[in-house]
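Enquirer: A predicted structure for the sequence below; I have some questions about it.
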Amino acid sequence: MTKALPNFFIVKYHDRKIITEKLYQENTTIVFVHIPKSAGTTTLECLRNVAEQRKLEKPQNVWFRNYLSIFNSLKSGKHHRSRAYLGVFALGVCDFVDQPCSYFTVFRDPIERTISSYMYCKKRRDKICHAADARNMTVKQWALHQGSVVFYQLLHNPELCEEQYNVEATDLMKKKGDIKRRNVDIPCWYKQILLLQKRIDKDRRQHVLSFILANMKNLFAFIGLAEKYNETLQMLEKVYDLPFYSLCAGDVKNKSVYKISGDNATDSKTMIVEKLKKDLMEDPEVREVLHEDMEIYNEAVRIFNKQLDKFKGLS
């Protein structure tokens, strides 16, 4: 799947060689794959703070504005290698790095993530909000619109975001009945979803999903969970021998309190999420469009617990 280093805690061999801690900790390229609304902003800032504290080179952001230029320069060999990369489009960097390179990411329950992005996009104009206008949608409509975004993020191909695909993506968007925010282009992440949905039928999608599930432990050197963020930071500190937990424990960004429409009382975010979550989980249409992401999340939980068991055994 990739030449990146496999899971630090549960994979013993890489390229037929025994894995050592040095591979992950000495002059290794670290790549954080940011899944939006999954403790991503918190982790981005933490990685930047860690780099600053250890006097490492500032991490290179791979995001909406520069991903094509970065990947093109990586392919040509002209890109100055950074010690760390981070961003929504960072998956793929390790394919072009000669030194040891590893990915890590943080997953979140797909339904909670969908609700979080819905609430966020009702108030913000972030790129993750541009493919549709959450202000004019119900949470169910938002869930059906977004679908299994992580599944397609793991299939990211920068070439699909080139201008040559704009007309096709726009036509697909119209056929689907989506209405994007005014005066904004179709964001790359959603353009890719539209194009891949056209090219991958249901049977093939299941084969691709099975491949992803079987290889997650080989793709990611570490898998974290937003729901268990302190444990995530503790294990990250062990993997890379960098002060993730020491510097960042308890520092959570974009954590809000929301008001239920029509109710003068303000409930906690957790209470609101639980009410919306129950409705979405019981909806067969929502369960179908989130099928791939639910399977990926369940595997991430399984791997996380395995990592945690190994980590505790090392303590």
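Expert: Perfect, I can see it now.

Enquirer: pull the longest helix seen in the chain out as PDB, backbone CA atoms only.
Expert: With DSSP state H setting the assignment, residue counts place helix 291-314 as the longest helix in the chain. The C-alpha trace of helix 291-314 is given here as PDB (Å, rounded to 0.1, in the frame of the first residue of the first chain):
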ATOM      1  CA  HIS A 291     -21.000   2.200   6.100                       C
ATOM      2  CA  GLU A 292     -17.300   2.500   4.900                       C
ATOM      3  CA  ASP A 293     -16.400   5.000   7.600                       C
ATOM      4  CA  MET A 294     -18.100   3.000  10.300                       C
ATOM      5  CA  GLU A 295     -16.100  -0.100   9.300                       C
ATOM      6  CA  ILE A 296     -12.800   2.000   9.200                       C
ATOM      7  CA  TYR A 297     -13.600   3.500  12.600                       C
ATOM      8  CA  ASN A 298     -14.300   0.100  14.100                       C
ATOM      9  CA  GLU A 299     -11.000  -1.200  12.900                       C
ATOM     10  CA  ALA A 300      -9.300   1.900  14.200                       C
ATOM     11  CA  VAL A 301     -10.800   1.200  17.700                       C
ATOM     12  CA  ARG A 302      -9.600  -2.400  17.500                       C
ATOM     13  CA  ILE A 303      -6.000  -1.300  16.600                       C
ATOM     14  CA  PHE A 304      -6.100   1.500  19.200                       C
ATOM     15  CA  ASN A 305      -6.900  -0.900  22.000                       C
ATOM     16  CA  LYS A 306      -4.200  -3.300  20.800                       C
ATOM     17  CA  GLN A 307      -1.700  -0.400  20.800                       C
ATOM     18  CA  LEU A 308      -2.800   0.600  24.300                       C
ATOM     19  CA  ASP A 309      -2.300  -3.000  25.600                       C
ATOM     20  CA  LYS A 310       1.200  -3.000  24.200                       C
ATOM     21  CA  PHE A 311       1.900   0.400  25.500                       C
ATOM     22  CA  LYS A 312       0.900  -0.500  29.000                       C
ATOM     23  CA  GLY A 313       3.100  -3.600  28.800                       C
ATOM     24  CA  LEU A 314       6.000  -1.300  28.100                       C
END
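
Enquirer: list the buried ones in it?
Expert: Using 16 or more other Cβ atoms under 10 Å as the test for burial, helix 291-314 gives 291-297, 299-301, 303-304, 307-308, 311. No exception for glycine: its C-beta is placed from N, CA and C like everyone else's.

Enquirer: which residues does that helix contact?
Expert: Here helix 291-314 makes contact (Cβ atoms under 8 Å, 6 or more residues apart in numbering) with 7-10, 107-110, 147-151, 154, 205, 209, 212-213, 216-217, 222-225, 228, 231-232, 234-235, 238, 287.

Enquirer: which PyMOL command selects the buried ones in the residues you listed?
Expert: Remark: buried members of the contacts of helix 291-314, expressed as a PyMOL selection using 16+ other Cβ under 10 Å:
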select buried, resi 7+8+9+107+108+109+110+147+148+149+150+151+154+205+209+212+213+216+217+222+223+224+225+228+231+232+234+235+238
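
Enquirer: inside strands: which ones of the contacts of helix 291-314?
Expert: The strands in this structure, assigned by DSSP state E, contain 107, 222-225 from those.

Enquirer: low-confidence stretches in the stretch 201-315 of the chain?
Expert: Under the criterion pLDDT under 70, the flagged ranges of the stretch 201-315 of the chain are 251-269, 315.
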